[in-house]
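>>> Fold the stuff below for me.
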Amino acid sequence: MQYIRLVWYNTYTKVYLFCCHNAIFTNFMSNTTTKKVPTELGTERVGKLLMQYAIPAIIAQIAASLYNLIDRAFIGHMPNVGPEAISGLTNTFPFMNLSVAFGAMIGVGGATLLSVRLGQRDYDSAKNILGNLVTLNIIVGILFAAVSFLFIDEILLFFGASENTLPYARDYMEVILLGNIITHLYFGINAALRSSGHPQQAMTATIMTVVMNAVLTPLFIFGFGMGIRGAALATILAQAITLVWQTRLLSNPKELLHLQRGIYKLKSKIVKRILRIGMSPFLINTAACVVVIIINQGLRKNSISDADGDLSTAAYGISNSMQFIFVMIVLGLTQGMQPIVSYNYGAKQPARVRSALMLTMKWATLVTTIGGVVCVAFPEFVVHIFTSAPQLIERASWAMRVMCIFMPVIGFQLVTTNFFQSIGKVNRSIFLSLTRQVLMLIPLLIILPKYYGVNGVWYSMPISDLVAAMLTVVTLMLQFKEWKNEKINNL
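Next up is the predicted model:
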């Protein structure tokens, strides 16, 4: 399956993992006093630890997934234009991914560097990093919006919009681009909150935004008759209100790290390091953007008409929505696993490392298996959440069955990818992250439609899931064999 707007949260939750892990080992607090290292990571029962660390993360991830579903659910039930509007919204996904690529380069790079400096107790540098993170987000937000506005129609058409869906895609993106600075600052400051020892407040910010978006979206769409623009406005307004609250939290002078004068001037050394650290998530999100473009173009190019292409694009957008929820739950589990694995790997306790890995795999596989059963056995029920149009229900239900046929293996793949990150094997983690999108999915999207038409686009996604999972198994077994041969930790 294609993880569309998941990147909005997936990238930043990786920052959460890194920063929480660093907080454990650096004992950073809101003042310079120290705090006892949580040795329970090396002694407490692994199952209990995993629940303790994973449940808050899962709550935040579910909130994030609901945030993404709200717009699609209400837009899909707009009278007379639901299917076309959903298709138009799906055409904006590459736009969103591209924006995220730039935002992640700043947010992930800045928050990660911030966490490192806090761990080194270099608080002066940490303050300047926070200020530079804010300044860079503002600059990038303005530049991206300005360039996008100049060529918005051309970009959306290239991303797969048709003459019928272009007005909806444009209406939505114009509002989103006007609030682009707010969005970048919202995610960037939330990452800074996590990295400065406030993960609970960061989670609260996400939940606040979800609740406000759920209230404002139907009000603006149906109450004020604003249509798809109302959905975009609700999204930006919810983020803006939360951003005010976030800013107040980070403006408290009693906190060691807070927003203050003199920290916003860009420093070349800090900027270069932020960009260097953020290059990996930038490339990953750019790859996601390319994949979505190819999928949208493939669905349109191989359809029998523009209307049929619009229907397939809308079906694609809906089919991702239910998968999104289950994948986000798995990401919450991997967040809970990471500090346990990292701590015990560093403490040379291989049995606990293996136990945490295997238990997380079991739970993740259970979650994605349930998701697969729901999407394959009851797709019509799921699709009705987003539309009441008979043709779209039929097309999206078929698409969901095809895309989710190998969904159970996705849980294992996500956990293993995060496991390599947790033990410092970053290159292998990145390799597995890109395997499905670059090595598998793109070639399949180019080759299969030549033989199977539009169905080849749909078949490409589950096949790439299966092949990527098989490659993940091989990679993990090679890692275990490598450890055994080198007698490292007897893993």
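>>> Count the residues that sit near Leu66.
A total of 19 residues lie near Leu66 under the criterion other CB atoms under 10 Å. Glycine gets a C-beta too; all of them are placed from N, C-alpha and C.
>>> Now for it: which residues touch it?
Taking CB atoms under 8 Å, 6 or more residues apart in numbering as the definition of contact, the neighbours of Leu66 are 210, 214, 325.
>>> and those as TSV, adding neighbour count?
Compiled in TSV, the contacts of Leu66 are given as follows (neighbours: other CB atoms under 10 Å):
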residue	neighbour count
Val210	22
Ala214	18
Ile325	18
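>>> for those, which one is nearest Gln246?
When these are compared for distance to Gln246 (CB to CB), Val210 wins out at 14.7 Å.
>>> Show me what the host helix or strand of that closest one is packed up against.
Take DSSP states H and E as the rule and Val210 turns out to sit in helix 199-218. With contacts defined as 3 or more CB pairs under 8 Å, 6 or more residues apart in numbering; DSSP states H and E, the packing partners of helix 199-218 are helix 7-26, helix 46-76, helix 180-195, helix 227-249.
>>> what is the mean pLDDT for the first one?
Averaged across helix 7-26, pLDDT comes to 39.
>>> still on that earlier bit, ranking the helices and strands packed on helix 199-218 by burial, who's on top?
Highest mean neighbour count among those (mean count of other CB atoms under 10 Å): helix 180-195, with a mean of 26.
>>> Can you dump the C-alpha atoms of that one in PDB for me?
The C-alpha trace of helix 180-195 is given here as PDB (Å, rounded to 0.1, in the frame of the first residue of the first chain):
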ATOM      1  CA  ASN A 180       1.800  26.800   4.600                       C
ATOM      2  CA  ILE A 181       3.800  28.800   7.100                       C
ATOM      3  CA  ILE A 182       1.400  27.900   9.900                       C
ATOM      4  CA  THR A 183       1.600  24.200   9.000                       C
ATOM      5  CA  HIS A 184       5.400  24.100   8.900                       C
ATOM      6  CA  LEU A 185       5.700  26.000  12.200                       C
ATOM      7  CA  TYR A 186       3.000  23.700  13.800                       C
ATOM      8  CA  PHE A 187       4.900  20.500  13.000                       C
ATOM      9  CA  GLY A 188       8.400  22.000  13.600                       C
ATOM     10  CA  ILE A 189       7.500  23.400  17.000                       C
ATOM     11  CA  ASN A 190       5.800  20.200  18.000                       C
ATOM     12  CA  ALA A 191       9.000  18.300  17.100                       C
ATOM     13  CA  ALA A 192      10.900  20.900  19.200                       C
ATOM     14  CA  LEU A 193       8.600  20.300  22.200                       C
ATOM     15  CA  ARG A 194       9.300  16.600  22.000                       C
ATOM     16  CA  SER A 195      13.000  17.100  21.800                       C
END
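>>> returning to what we had before: out of the helices and strands packed on helix 199-218, which is closest to Ile293?
Taking CB to CB, helix 7-26 is the member of these nearest to Ile293, at 14.2 Å.
>>> Among the helices and strands packed on helix 199-218, which comes closest to Gly131?
With CB to CB, the closest approach to Gly131 among the helices and strands packed on helix 199-218 belongs to helix 180-195: 10.3 Å.
>>> on that earlier part again, now the helices and strands packed on helix 199-218 in TSV, with distance to Thr472?
Compiled in TSV, these are given as follows (distance: least, CB to CB, whole Å):
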stretch	distance to Thr472
helix 7-26	17
helix 46-76	20
helix 180-195	27
helix 227-249	34
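>>> Check those for me: which has the lowest mean pLDDT.
Of all the helices and strands packed on helix 199-218, helix 7-26 carries the lowest average pLDDT, namely a mean of 39.
>>> List the buried residues for the helix or strand where Asn427 lies?
When elements are assigned from DSSP H and E, Asn427 belongs to helix 426-434. The neighbour-count criterion (16 or more other CB atoms under 10 Å) identifies 428-434 as the buried residues of helix 426-434.
>>> For whichever helix or strand comes after it, name the packing helices and strands.
Using DSSP H and E, the helix or strand that follows helix 426-434 in sequence is helix 442-452. Packing contacts for helix 442-452, counted by 3+ CB pairs under 8 Å, 6+ apart, involve helix 268-301, helix 454-486.
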